[in-house]
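Engineer: How does the following fold in three dimensions:
(2 chains)
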Amino acid sequence: MENTGLNKVDLIFEKIDNKEVLAKAFKMTKEEIIKEVLDSGLKGRGGAGFPTGMKWKFTSEEKSPEKYIVCNADEGEPGTFKDREILDRVSNKVHGGMAIAGKAIGAKKGVVYLRGEYRYMLPKLMIELTSFHKMIKEIGYDFNIEYRMGSGAYICGEESALFESIEGKRGEPRNKPPYPTVSGLFEKPTSINNVETLVTAMMIVKHGAKNFIQYGTKDSRGSKVFSVSGDTPTPGIFELELGMTVLQFVDEFGDGDTKAVQVGGASGFCVPRKKFAETIIGFEGVPTGGSMKLFNSSRSMYNVLHNYLDFFTEESCGQCTPCRVGCQQLLKGVEKVKKGEAKSTYLNELMKLADSMKIAAKCGLGQSVGNAFKSIVGNFKEEIIY
Amino acid sequence: MINLIINDQKVSVQAGTTVLAAAKKLKINIPTLCNHDDLCVAGNCRVCIVEQKGARTLIASCATPATEGMEIHTNTLKVRNARKHIVELLLSEHRSDCTKCYKNQNCELQSLANEFAFGDHIFLDLVEDKKYSIDRSSPSFIKDDSKCIRCQRCVRTCSELQYISAIAVANKGAHQKISSFHDRPMSHVVCTNCGQCVNRCPTGALVEKTYIDQVWDAIYDPDKHVVVQTAPAVRVALGEDLGYDPGERVTGKMVNALKQLGFNSVLDTDFSADLTIMEEGTELLVRLKKALVDGDTKVSLPMFTSCSPGWIKFIEHKYPEFLPNLSTCKSPQQMFGALAKTYYAKKRNIDPSKIVSVSIMPCTAKKFEADRPEMRASGYKDVDYVLTTRELAVMIKQAGLDFRNLEEAIYDSIMGESTGAAVIFGATGGVMEAALRTAYEIVTGREVPFGNLNITPVRGMDGVKEASIKIEGCVEAWSFLEGAELKIAIAHGLVNANKIMKLVKEGNAPYHFIEIMACPGGCIGGGGQPIPTNMQIRKNRMKAIYSEDENMVLRKSHLNPEVVAIYKEFLDKPNSHKSHELLHTHYVERDNF
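Structural biologist: The predicted structure is shown next:
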């Protein structure tokens, strides 16, 4: 952990006695576990920020002999690499978090959906999983985890597409409702949580919700792990208290020439320098699954936008119209404007299209393309046109 | 019941009802595209989006169940703007050459464009970037990717209704497309040519391959004698393409129209349907005799019907080990074709090489069947051109006929005589019913023990139907069947065919005779029938089929005077040497990939 001027926290990677924490958790009732997580105010660390305790509560309330806890390790958001680090360093806490979640919702089975590009980690993870299974057996608890590999599709990080993929089908988002808590993996009640969320939840069980809410703000409790990249002298993984402004962040990580920060990856928001001071990193401001990308004045924001749109045009699953065709139109549209083949006012039409995509696309992917598009075009129009 | 409010109107619906269906109940129309009554919900085109009070995004009304207290608005500015964008986006990927498109004026995208996207298009044309391909390899249909809007109706049809999945979604993002296995031509994949995808495609991406021009050429060639046969299911559906409601019988007007188009002889597939009953019924009885009397253990039972070319290709691909169980009878279309160039040619004293044999079918698979190399036993191609019901409607329009005001006419002779038994071939269970009417009478000397000859247990839309008939009081020649219980089963739609075939494969099918039709509802729901299709439309057509039957004087195949005559003059007897040469065929094993 690098030393930063921001409030440094050591929760995720803290060395703990897993067995002891799990033994404690397994002695708690499911209501107690859920209450602790609810009280902590923990929101999902994958980016969408759904309250974890609520998710567990809903799933626990479903009457089904079979339920699943799924760990979303399909870390695909451009600029995010914290789950890789967590799995690499503290996979036991990921597995432990799943077991605790399993206890809370009443699931005996867990599945980790691992990003295809992380396959190289699998041998090590398998060894660690074997010893984890041995350990919980010693505690006398029945819970089993298996790993499933992704194959490189960004959309499979979307929860219902992820289920489809595990089920052996084409990874496409489902219609919602029903939500996963009612009908998830193999149509069973499922709680699907991000890698970091599960570890955080385990640490909340260890230290108590009271300890957790000392950190962060009302809307963004606790701390989280950030993946810092781009034009920064200190790229890497940092666990920081939530609630800082982008300005505080840039003061710490910038190279002195930061003109924009992309918070939350391709599906996140671009914050320009003039808004650094007023923008809070968190659910009250700009949320992030961890990706923090800094751009200095040497970067063309047109290229940044083009890159993101190119990414979405490839990574849309293609099933719904607003996303499949909308992405292509946004991409081709900015290209035409840049080349002078379309009027600059065409950007206004594209902004409206981005709005439509936000409310009409089937899943979070299509709905969030507009975030990057609108915040980059809105703040750096001249770089797009000229 | 669930109470919700749509456009300020209260409505109560059953739990599980979609917002779309709830709106329909209030007669509020929400436009749709990927939604189809016969298929599972997809929710992917997003055209049916509506605004739900308190929701962050718009919701797809086809995919969202109504919930208590929901407040929905279907036509807000927000909805309209997004919907316009969606239609514009679809158009930007779609080759809009409407004036030369076969589906012009019968295209759901065109209708939506008319409503939401007239005038200049907002977005850039993406068609040229796409390098779309057109697959013309199947003799039955054309797959034009440049017209495809990725609604996946075809994909769902092929997997849910037909258990084939000849087409599936491939690639993602901008490259997403509806593709075949390894992107092979449709003629080289497991496709039954059933055309159910064609029936449900909202645009011109999937259409039948038309032979209208070839038929006109033949009609206007003074050197040719063009005979046309019409399948039973055509007469109860053709009207839909000519302004009638589903379920109107237009037999007489159709016959007149065909005469006006210039066909030299307008004949009826019903004739050869009756012939099929004689041949297939005899074949079944012979197989039963071999099994029951001669103790021949190699007899292939249950016997399957062979009228449906989609079903034939299905079994050739998926269950080739059961090909010996198929009746060796050609389909009525092919029997007719073979006789047109032999018996008919002889009787009418026409050189068979001058005869062009055309058939009007509710089917696209018939186009493939006509092209099968087995189907030229007479030395000539049995059937030269197959037109769908839809293509006939096009010809009638092209000729400028005032169809509604045409006089009714009757079929020409010879090979134009029909019975009610032949007519019901057009509905699922019909072949079985026709066969029973004749076989039971041959064996017992009495009519089938059902009121007014209506064997109701084999009728209706259940996917799999079964029945049994106790055979008692046999005539001398068939006394070995005395007391036997004939067990039969019927399936329509290949997903149901597959259910029966699984039972047969597992040895759990106690049947003697099984009728299978590839299409939902049988031929009345065929892939060549007017578009659109849904359960109600098919039911209406089915009703019309049975009323056509009831209105016939003759209702048993063996009483068809022309059938009696052809055995006397030409074929000798059912399953004779000549019959086998002309009216029976064989099947080929095909790959299951």
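
Engineer: Low-confidence stretches in the chain?
Structural biologist: I'll assume chain A. Where chain A drops to pLDDT under 70, the residues are A:1-5.

Engineer: Excluding chain neighbours, what is closest to A:Ile105?
Structural biologist: The shortest distance from A:Ile105 to any non-neighbouring residue, by Cβ to Cβ, 6 or more residues apart in numbering or on different chains, is to A:Thr59 (4.0 Å). Every residue, glycine included, has its C-beta placed from N, CA and C.

Engineer: Show residues contacting the host helix or strand of B:Lys539.
Structural biologist: Following DSSP states H and E, one finds B:Lys539 within helix B:535-550. Residues outside helix B:535-550 that contact it (Cβ atoms under 8 Å, 6 or more residues apart in numbering or on different chains) are B:37-38, B:232-233, B:235-237, B:240, B:245-249, B:251, B:420-421, B:423-424, B:426-427, B:430, B:452, B:454, B:459, B:461, B:520-522, B:524-525, B:529, B:555.

Engineer: on that earlier part again, in a helix, the residue nearest to A:Ile105, correct?
Structural biologist: Yes - with DSSP: H, G, I helix; E, B strand; the rest coil as the criterion, A:Thr59 is assigned to a helix.

Engineer: Run through the residues that contact it.
Structural biologist: A:67, A:105-107, A:180-181, A:189-191.

Engineer: And it, how far from A:Gly49?
Structural biologist: Distance, A:Thr59 to A:Gly49, using Cβ to Cβ, to the nearest Å: 18 Å.

Engineer: thinking again about what came up before, out of the contacts of A:Thr59, grab the one that's most surrounded.
Structural biologist: For the contacts of A:Thr59, neighbours were counted by other Cβ atoms under 10 Å in any protein chain shown; the highest total belongs to A:Ser191, with 32 neighbours.

Engineer: Quick check: the residue nearest to it when sequence neighbours are not counted vs chain B, distance?
Structural biologist: Distances taken as Cβ to Cβ, 6+ apart put A:Thr59 closest to A:Ser191, at 4.4 Å, once the chain neighbours are dropped. Distance from A:Thr59 to chain B, counting by Cβ to the nearest Cβ, to the nearest Å: 20 Å.

Engineer: ditto for A:Tyr120
Structural biologist: In terms of Cβ to the nearest Cβ, A:Tyr120 sits 24 Å off from chain B.

Engineer: which SS state does that residue fall under?
Structural biologist: helix.

Engineer: ditto for A:Asn307
Structural biologist: helix.

Engineer: Is B:Ile178 in a helix, a strand, or coil?
Structural biologist: Assignment for B:Ile178 (three-state DSSP): strand.

Engineer: So how do I select the buried members of the contacts of helix B:535-550 in PyMOL?
Structural biologist: Only the buried entries of these go into this PyMOL selection, using 16 or more other Cβ atoms under 10 Å in any protein chain shown:
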select buried, chain B and resi 38+232+233+235+236+237+240+246+247+248+249+251+420+421+423+424+426+427+430+454+459+461+520+521+522+524+525+529+555
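
Engineer: ok, which of the contacts of helix B:535-550 also contact chain A?
Structural biologist: Restricting the contacts of helix B:535-550 to those touching chain A (Cβ under 8 Å from any Cβ of the partner chain) yields no residues.

Engineer: which pair in the contacts of A:Thr59 spans the largest distance?
Structural biologist: A:Gly106 and A:Pro180 (14.7 Å; Cβ to Cβ).

Engineer: tell me which residues in the helix or strand hosting B:Asp274 are buried?
Structural biologist: B:Asp274 is part of helix B:269-292, with elements assigned from DSSP H and E. Buried residues in helix B:269-292, counting neighbours by 16+ other Cβ under 10 Å, are found at B:269-285, B:287-291.

Engineer: Likewise for stretch A:161-180?
Structural biologist: A:161-166, A:170-176, A:179-180.

Engineer: Span of that stretch from start to end?
Structural biologist: 11 Å (Cα to Cα, to the nearest Å).

Engineer: contacting residues around that stretch?
Structural biologist: Counting by Cβ under 8 Å, 6+ apart, A:58-59, A:70, A:72, A:74, A:111, A:113, A:148, A:150-151, A:153, A:155-156, A:158-160, A:184-186, A:189-192, A:317, A:319, A:362-365, B:41, B:43, B:60, B:63-65, B:168-169 sit against stretch A:161-180.

Engineer: Can you say which of these are buried?
Structural biologist: A:58-59, A:70, A:72, A:74, A:111, A:113, A:148, A:150, A:153, A:155-156, A:158-160, A:184-185, A:189-192, A:317, A:319, A:362-365, B:41, B:43, B:60, B:63-65, B:169.

Engineer: Return the subset of these lying in strands.
Structural biologist: Counting by DSSP state E, the part of these found in strands is A:70, A:72, A:111, A:113, A:148, A:190-192, B:60, B:169.
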